[in-house]
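Visitor: predicted model and sequence below, questions to follow.
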Amino acid sequence: MILTAEQRDRYDRDGFLVISDFADPHSCDALQTRAGQLVQDFDPSGIISIFSTREQNRRSDDYFLNSGDKIRFFFEEDAFLPDGTLKQSKEQSINKIGHALHDLDPVFSEFSRNPKVAQLVSELGINRPLLLQGMYIFKQPKIGGEVTCHQDSTFLYTEPQHAIAGLWFALEDATVENGCLWAIPGGHTVGLKSRWLRNESGGMKFDVFDSAPWEEEKLVPLEVKKGSLIILNGLLPHKSLANHSSRSRHAYTLHVISADCRYPETNWLQRPELPLRGFE
Ligand SMILES: O=C(O)CCC(=O)C(=O)O
């Protein structure tokens, strides 16, 4: 067993759990090196897609919406000069890579399908697991953008709602200064506040079930060391602040769902050309 009874209880109570030293430093470095190579090989000419959680509907172009079964690159909002050129190198300008890294890249697949990860997911009660989303987040020095408070189930909706778990691996130390995660302990018990869905007419919309603002004063910082894993309940409200520091804050996230759940066709992330796979 990976989780003690006490850790299980804490996860159920808080909606998140930090496990220090989950991933060894070499495998964290291997992911960083591989992400660096992928960015180096990426030719951005003609493809500028910006990731923003402030204007999710307007900023989500087809390049984003069709990236569920691909490896694609999204820029920081603050990466550009007024004339549309990059302020700094492409390597210093990418916000994230998504969203099928775990299936399409051998280094990310090996990390994601480590037996320890599979065992953990089984202990979380995700039956017949399928690896849904693999994303590399750079949180670049100086320009790493804020991720506003949200529940992952808003974007990756499942029925039942507890049929998803988010795994957030710190590939570098994450601190308040460089934009660590913040979460509301116990916030997963308040219910899903909104869903982000595909419109019949194309594009995306939010269905809002509860328009009250997040109780952000209840957020606590989750400062963690390289190699730590943060497990996130899909309903847990969490965010990260902008990174104004001179240090990056790389992380890899993996979302796993159960094959037994209903995964609606209206969710943004679809896999038309690449069926979901489990840990095998
Ligand atoms: O890594 C971050 O800064 C935030 C990631 C996050 O909240 C998410 O992808 O759901």
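Guide: Cool, got the structure. Just so it is clear, the structure is predicted and the values come from calculations on it, not from any experiment.
Visitor: which stretches of the stretch 51-200 of the chain have low pLDDT?
Guide: Judged by pLDDT under 70, the stretch 51-200 of the chain has its weakly predicted residues at 52, 54-60.
Visitor: may I have the secondary structure class of Asp21?
Guide: Secondary structure of Asp21, reduced to three states by DSSP: H, G, I helix; E, B strand; the rest coil: coil.
Visitor: who touches it in this structure?
Guide: Residues in contact with Asp21, defined by C-beta atoms under 8 Å, 6 or more residues apart in numbering, are Lys225, Gly227, Ser228. (Each C-beta comes from the backbone N, C-alpha and C, glycine too.)
Visitor: one more: Glu123?
Guide: Contact analysis of Glu123 by C-beta under 8 Å, 6+ apart lists Met1, Ile2, Leu3, Arg8.
Visitor: quick one, phi psi at it?
Guide: The phi/psi pair for Glu123 (degrees, to the nearest 10) reads phi -70, psi -20.
Visitor: how many residues are close by Asp205?
Guide: Rather than Asp, residue 205 is Lys. Lys205 has 14 neighbours, counted by other C-beta atoms under 10 Å.
Visitor: neighbouring strands - and their directions - for the helix or strand hosting it?
Guide: Take DSSP states H and E as the rule and Lys205 turns out to sit in strand 204-208. Strand 204-208 has its sheet partners listed here by DSSP bridges as strand 194-198 (antiparallel).
Visitor: before we move on, the earlier item: reformat the contacts of Glu123 as TSV; add pLDDT and secondary structure.
Guide: Written out in TSV, the entries for the contacts of Glu123 read as follows (pLDDT from 0 to 100; DSSP: H, G, I helix; E, B strand; the rest coil):
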residue	pLDDT	secondary structure
Met1	94	coil
Ile2	97	coil
Leu3	98	coil
Arg8	98	helix
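Visitor: state the distance from Lys218 to the ligand.
Guide: Distance, Lys218 to the ligand, by C-beta to the nearest ligand atom, to the nearest Å: 17 Å.
Visitor: would you confirm that Arg247 contacts Val176?
Guide: No: under the criterion of C-beta atoms under 8 Å, Arg247 lies out of contact with Val176, with a separation of 11.9 Å.
Visitor: who's more crowded, the two?
Guide: When Arg247 and Val176 are compared for neighbours, Arg247 comes out ahead with 17 against 12, by other C-beta under 10 Å.
Visitor: how about the nearest residue to that one, chain neighbours excluded?
Guide: In this structure, Arg247 finds its nearest non-sequential neighbour in Asn178, 4.8 Å apart by C-beta to C-beta, 6 or more residues apart in numbering.
Visitor: now the one you found, what's its secondary structure?
Guide: Each residue gets one of three states, and Asn178 gets coil by three-state DSSP.
Visitor: contacting residues for the residue nearest to the spatial centre of the chain?
Guide: Per C-alpha atoms, centre = their mean, the C-alpha nearest to the average position across the chain is that of Thr253, at 4.6 Å. With contact taken as C-beta under 8 Å, 6+ apart, Thr253 is in contact with Gln133, Gly134, Met135, Ile137, Gly166, Leu167, Trp168, Phe169.
Visitor: surely it forms part of a strand?
Guide: Yes: in this structure, Thr253 lies within a strand as judged by three-state DSSP.
Visitor: name the residue of the protein that lies nearest to the ligand.
Guide: Scanning the chain for proximity to the ligand using C-beta to the nearest ligand atom identifies Ser240 as nearest, at 3.3 Å.
Visitor: that residue reaches Glu146, doesn't it?
Guide: Yes: here Ser240 reaches Glu146: they are 6.8 Å apart, a contact under C-beta under 8 Å.
Visitor: return every residue with contacts to both of those two.
Guide: Taking C-beta under 8 Å, 6+ apart as the criterion, Ser240 and Glu146 both touch Gly179.
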